[in-house]
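1. Predicted structure and sequence below. I'll ask about it afterward.
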Amino acid sequence: MKLQYRGVAYNFEPPNVTVEPTALTGRYRGVPYSIPNLATEPVLQPIQHLVYRGVPYSIGDFTPEDAKQVEAMIPTIAQAILEEEALYLKYQLHHPMGNH
């Protein structure tokens with residue numbers, strides 16, 4: 001299927017999903033419907049390591065390696081938060097609020 005987004009054309013092939021009928025039914029606003037069972041596994045999003053404004057993040061499946069990277073970043077993130085809070089408190093102490 002040929003699609004276009006913001007002037008950029010690309011091909012998209014939706015994954016084939018097969019379902020099996022089941023005896024499960026539901027009701028929405030009084031209308032009954034059947035709930036099928038997936039016969040094929042859904043296609044997972046590929047893992048991508050990205051950076052936004054200097055902050056790395058990942059999309060897709062979360063691997064043990066990713067967990068190690070996140071654990072390694074916790075002290076750095078905590079330090080940055082503490083420094084920002086200290087600056088905020090320093091500013092609040094030196095610039096009291098109120099009318100002069």
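-> Sure, I can see it.
2. Could you report the neighbour count for the nearest residue to residue 9 once chain neighbours are set aside?
-> Excluding the flanking residues, the one nearest residue 9 by CB to CB, 6 or more residues apart in numbering is residue 2, at 6.4 Å. All C-beta spots, glycine's among them, are computed from the backbone N, C-alpha and C. Residue 2 has 7 neighbours, counted by other CB atoms under 10 Å.
3. Report the contact partners of residue 2.
-> Contacts for residue 2 (CB atoms under 8 Å, 6 or more residues apart in numbering) come out as 9-12.
4. Report the beta-bridge partner residues of the residue nearest to the spatial centre of the chain.
-> The centroid of the chain falls nearest to residue 59 when counting by CA atoms, centre = their mean (6.6 Å). Note on residue 59: beta-bridge partners by DSSP bridges are residue 48.
5. What segments of the chain are strands?
-> Along the chain, the stretches classed as strands by DSSP state E are 2-5, 8-11, 19-20, 25-28, 31-34, 37-38, 48-52, 55-59.
6. thinking again about what came up before, I'd say the residue nearest to the centre of the chain and residue 47 touch.
-> Yes: counting by CB atoms under 8 Å, residue 59 does reach residue 47; the two are 7.3 Å apart.
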